[in-house]
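Novice: dropping the sequence and predicted coords here.
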Amino acid sequence: MLILVLAACHTVPNPAREASSPGIEIRGLIIQNRSFSTVTEVMLLVTRTREFISCWNIPMHGECATTFPLRQYQGNDIEIQWKQGGEEWSTGEFVVELSDRIDPYRPAMVRVTITAAGLAATELIQ
């Protein structure tokens, strides 16, 4: 089951970047389970707005993905929460770092990769 509610985020403006690019738009989410157990109740939460996207059950080495109407990325804190091996895990709040490899003229996806109990990484990909 997939629940979809994602809010745009907020960041401190960078005049040099804004003058040279239109900003990054997000078009979807991929959650990958690269661990050796099932993960459940995986949620990407935008902490400022309390809006979220979640996937209920992802088998080991499986993934859950969705697309949604383009949203402007603004850099608010997010948190990834999930259950694995009977325990609840959380990344705590953080901001997804923008890579120089991201083309601001092409939409991006958020990729969350869970690799082991308590370990998750998040990045923007194209």
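Specialist: Noted; the coordinates are in hand. Residues are numbered from 1 along each chain as shown.

Novice: how about residue 75, secondary structure?
Specialist: coil (DSSP: H, G, I helix; E, B strand; the rest coil).

Novice: contacts for stretch 100-114, please.
Specialist: Outside stretch 100-114, the residues that touch it by CB atoms under 8 Å, 6 or more residues apart in numbering are 21-35, 39, 42, 44, 58, 70, 73, 80, 82, 84, 96, 120-126. (C-beta placed from N, C-alpha, C; glycine too.)

Novice: return the subset of those lying in helices.
Specialist: Among the contacts of stretch 100-114, no member falls in helices (DSSP state H).

Novice: and those residues, which are buried?
Specialist: Using 16 or more other CB atoms under 10 Å as the burial test, the contacts of stretch 100-114 include 24-35, 39, 42, 44, 58, 73, 80, 82, 84, 96, 120, 122-124 as buried.

Novice: ok, back up a step: go through the contacts of stretch 100-114 and flag which are in strands.
Specialist: Using DSSP state E, the members of those that fall in strands are 25-33, 39, 42, 44, 58, 70, 80, 82, 84, 120-125.

Novice: who does the residue positioned nearest the centre of the chain form a beta bridge with?
Specialist: By CA atoms, centre = their mean, the chain has its centre lying nearest to residue 110, at 4.4 Å. With DSSP bridges applied, residue 110 shows beta-bridge pairing to residue 29, residue 124.

Novice: report pLDDT for it.
Specialist: Looking at residue 110, its pLDDT stands at 97.

Novice: how long is stretch 115-126 end to end?
Specialist: Using CA to CA, to the nearest Å, the span of stretch 115-126 from its first residue to its last is 21 Å.
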